[in-house]
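Enquirer: Quick one: sequence plus predicted model below, questions after.
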Amino acid sequence: MNRTSDNSRLLGESPEFTALLRSLQVAAATDVTVLLLGESGTGKERLARFIHAHSRRREAPFVAINCAALPDGLAESELFGHRKGAFTGASGDNPGRIAAAQGGTLFLDEVAEMSLPVQSKLLRFLESGEYQRVGDTLCRQSDVRIVAATHADLPALVEEGRFRQDLYYRLNVVPFQVPPLRARQGDVRRLVKALTRQLADHHGLPAPRYDREALELLENYHWPGNIRELRNLCERLLILFPGKTIHPGNLPPEIRIPGRSRWRFVLPEGGLRLEEVEQELLLQALQQAGGNQSRAARLLGMSRYAFIYRLKKYALL
């Protein structure tokens, strides 16, 4: 119980993120396929582990595979396994990740990077629970829950013929948009403290402290690398300043100098309605993209799914 609670705190406590965690808990209670969408570095694997930990499969294995890190020739073998002698270099049997996750959860990270032939075999497995090892004629059954994740715009890849439409529909049963760190109110400050404690324990070093000005700069930074970038910074500052106080001068230039790498909007003195600004930006993006929703979404740094959701929210679609 305590481990799950600690993981939840490390994930974040902002209203935006706690709402996501509650929805993930609801989905976790079922065996439905979950698709996590969001920018790189937003912690999608940790969220997949969160789903597993809150599911009936929690005592079974959680197996992760990064589809982007697998060469095309090895992806099928890693996922489905192979028999000895199935190809050059196959010196022994390999059960594959699906077999390793039997009864548990298989996390497919960067699923958009799968080749089309492997996508076809994955679709068959999702529909029937059957698969074949490379070089084997025997069909095997496996009881595995699939959680997939990507930062790519899958509908755009479908349009380009780089991702199977039927597989997209099969994965997109219950999609969740993971918010970027910059959209999570208050989580930067919380994560800095939690990550610093965790990393200090790992390295056996006294944790540094952050003064108020340094924390404010961290909160105002746009974090293009999201939690991964924040964790790397916390580790760097821990190594360089163990037990010391972190001041603004200790931070990298892109964080220390406002506006160095970030477009800034000046709020009018009379204020404004945020919803009106969002609607105007949505319409401008559509106009610049010539009506192409995928391109318009990329102009605003969001997925096509999130873009369409906002269009429907404001009755612009």
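Expert: Alright, I've got the coordinates. Residues are numbered from 1 along each chain as shown.
Enquirer: Please make it C-alpha for all contacts and neighbour counts, starting now.
Expert: OK.
Enquirer: now the helices: where do they sit in the stretch 151-300 of the chain?
Expert: With DSSP state H, counting those that start in this stretch applied, the stretch 151-300 of the chain shows helices at 154-159, 165-171, 187-203, 212-220, 226-240, 253-256, 274-288, 293-299, listed in chain order.
Enquirer: Over to the stretch 1-150 of the chain?
Expert: 2-11, 15-28, 44-53, 72-80, 96-100, 116-128.
Enquirer: List the buried residues in the third one.
Expert: Residues of helix 44-53 classed as buried: 44-45, 47-53 (neighbour count, 16 or more other C-alpha atoms under 10 Å).
Enquirer: now it against helix 15-28, angle please.
Expert: Using axes from the mean of the first three to the mean of the last three C-alpha atoms, to 10 degrees, the inter-axis angle of helix 44-53 relative to helix 15-28 is 50 degrees.
Enquirer: Just the CA atoms of helix 44-53, as CSV, please.
Expert: The C-alpha coordinates for helix 44-53 follow below in CSV (Å, rounded to 0.1, in the frame of the first residue of the first chain):
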residue,chain,number,x,y,z
LYS,A,44,3.9,6.9,-19.8
GLU,A,45,5.7,3.8,-18.6
ARG,A,46,5.2,4.8,-15.0
LEU,A,47,1.5,5.2,-15.7
ALA,A,48,1.4,1.8,-17.3
ARG,A,49,2.9,0.4,-14.1
PHE,A,50,0.3,2.3,-12.2
ILE,A,51,-2.4,0.6,-14.3
HIS,A,52,-0.9,-2.8,-13.6
ALA,A,53,-0.5,-2.1,-9.9
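Enquirer: Looking at the most centrally placed residue in the chain now. What's its pLDDT?
Expert: The structure's the chain has its C-alpha centroid closest to Lys44; by C-alpha atoms, centre = their mean the separation is 2.9 Å. pLDDT, Lys44: 94.
Enquirer: Repeat that for Ala86.
Expert: Looking at Ala86, the pLDDT reads 61.
Enquirer: go on, Ile255?
Expert: The model's pLDDT for Ile255 equals 90.
Enquirer: Over to Arg260?
Expert: pLDDT, Arg260: 51.
Enquirer: before we move on, the earlier item: out of the buried residues of helix 44-53, which one sits closest to Ile227?
Expert: Nearest to Ile227 among the buried residues of helix 44-53 is Lys44, at 10.2 Å by C-alpha to C-alpha.
Enquirer: can you tell me which residues contact that closest one?
Expert: 36, 38, 149, 178 (C-alpha atoms under 8 Å, 6 or more residues apart in numbering).
Enquirer: The third one and Arg256: what is the separation?
Expert: When you say that, I think you mean Ala149. Counting by C-alpha to C-alpha, to the nearest Å, the separation of Ala149 from Arg256 is 33 Å.
Enquirer: Low-confidence stretches in the chain?
Expert: Along the chain, the model assigns pLDDT under 70 to residues 1-11, 73, 82, 85-92, 258-266.
Enquirer: Tell me, domain by domain, which residues of it belong where.
Expert: 2-179, 184-256, 274-313 (automatic domain parsing).
Enquirer: Including distance to Pro268, could the ones you listed go into JSON lines?
Expert: Formatted as JSON lines, those follow (distance: least, C-alpha to C-alpha, whole Å):
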{"stretch": "domain 2-179", "distance to Pro268": "26"}
{"stretch": "domain 184-256", "distance to Pro268": "19"}
{"stretch": "domain 274-313", "distance to Pro268": "12"}
